[in-house]
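Visitor: no sequence on this one, just coordinates:
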């Protein structure tokens, strides 16, 4: 058995073990270009009916949906509908709110706006608690989210920090709707899902009977850790996706999306490069720095080497990871219909991928990976490179 085959066998054994322990349910797909390196489906799409997940099962992506919003916004920047330095409040006519008038599209996409969020998750607030008093089925359109955050005080002035903010993407979604005159979900279907070949992806209402759709469920355990039942997530978030969360995709479709962006099928060369360039310092990790970009976050080593970029999503009954490894030119897609399903397996896969010397792709002059490394990763609000 080759070293590469042994690595994939190790990953499969790990996922099967986690599935048996009710710690994973979902699908994994790893590719390099058109080549599929690994794929597998594990656990049940429906625990009630014991219907297994397949590679064609559609999963909720939670916050990974923000990438579709980011790309749609950058398309409109390319079109001249608005700029990265356009203030959201003035553009949307929201001056009677507590949202900072200085928060621009760039700030919102890079989580550096400082605006108040509907659930301040960095302070430990639970998004699911929003729906204890307000019925989740009452929030189906982008504007329905405004009362939940528009009058909350800011955490800091735009550009003065970095703090994850769901509702920044709600504002970007409203700007997309105003610029196009089309509902957000239709914009994504027409400008992203269609051109990227994401035929099985969409925004599906919980009240609709949709085939091949994984049900979000988390295990209920007794004091000894044994599973005593499963709890569905139907009251934990709105019933249909929005600019910050909730699109449903297959693993193959999400892989197609990432390749479409990398290949310049969705954005201009300038915006494509910006999308794959780290922008804002977020946190120092154990031996590396986490920086946010225009949708993705980036794993940056002390010498500036960019290992990978990622977007993830989390809700009750949902966890999702999409990661791109620059050196190896490898995509990792991991979708789970459990809240904690994706996290540990994503790092198991990460270590296997970065440890596979034979998987290193040959570098090409002017390649995306080379351009990212050559950049200091800093852009001004209008999207122009600053001098180092």
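Guide: Thanks, I have it. Because the structure is a prediction, the values reported are computed rather than measured.

Visitor: any idea how far residue 170 is from the closest residue to residue 139 other than its chain neighbours?
Guide: What sits nearest to residue 139 in space, not counting adjacent residues and going by C-beta to C-beta, 6 or more residues apart in numbering, is residue 238, at 4.3 Å. Every residue, glycine included, has its C-beta placed from N, CA and C. For residue 238, the distance to residue 170 equals 11 Å [C-beta to C-beta, to the nearest Å].

Visitor: ok, the residue nearest to residue 139 - contacts?
Guide: 136, 137, 139, 140, 144, 246 (C-beta atoms under 8 Å, 6 or more residues apart in numbering).

Visitor: and of those, the nearest to residue 103?
Guide: residue 144 (20.3 Å; C-beta to C-beta).

Visitor: tell me if I'm right that the closest one and residue 138 touch.
Guide: Yes: using C-beta atoms under 8 Å, residue 144 makes contact with residue 138 at a distance of 6.9 Å.

Visitor: more neighbours: these two, which one.
Guide: When neighbours are counted by other C-beta atoms under 10 Å, residue 144 and residue 138 differ, and residue 144 comes out ahead with 14 against 10.

Visitor: now the more buried one. Its backbone dihedrals?
Guide: phi -60, psi -20 (degrees, to the nearest 10).

Visitor: and if you look at the one 3 residues further on?
Guide: Backbone geometry at residue 147, expressed as degrees, to the nearest 10, gives phi -60, psi -20.

Visitor: ok, it to residue 164 distance?
Guide: Residue 147 sits 21 Å away from residue 164 when distances are taken as C-beta to C-beta.

Visitor: tell me which of those two has more neighbours.
Guide: Neighbour count, other C-beta under 10 Å: between residue 147 and residue 164, residue 164 has more, with 14 against 11.

Visitor: pretty sure the more buried one is touching residue 121, no?
Guide: Yes: the criterion here is C-beta under 8 Å, and residue 164 meets it with residue 121 at 6.6 Å.

Visitor: what segments of the chain are helices?
Guide: Taking DSSP state H to define them, one finds helices in the chain at 3-20, 66-79, 88-92, 105-109, 166-180, 184-188, 251-262, 269-275, 343-354, 368-374.

Visitor: quick one: neighbours of the nearest residue to residue 232 once chain neighbours are set aside, just the number.
Guide: With sequence-adjacent residues excluded and distances taken as C-beta to C-beta, 6+ apart, residue 232 is closest to residue 217, at 5.5 Å. Using other C-beta under 10 Å, residue 217 has 25 other residues around it.

Visitor: how close does residue 217 get to residue 236?
Guide: Residue 217 is 11 Å from residue 236, where distance means C-beta to C-beta.

Visitor: could you tell me which residues touch both of those two?
Guide: residue 317.

Visitor: wait, residue 112 sits on residue 291?
Guide: No: contact criterion C-beta under 8 Å: residue 112 and residue 291 do not qualify, at 10.9 Å.

Visitor: more crowded one of the two?
Guide: residue 112 (26 against 23).

Visitor: next up, the contacts around the more buried one.
Guide: Residue 112 neighbours (C-beta under 8 Å, 6+ apart): 106, 158, 159, 160, 161, 162, 163, 280, 292.

Visitor: now do the contacts for residue 136.
Guide: 235, 236, 237, 238, 239.

Visitor: same question for residue 281.
Guide: 162, 289, 291.
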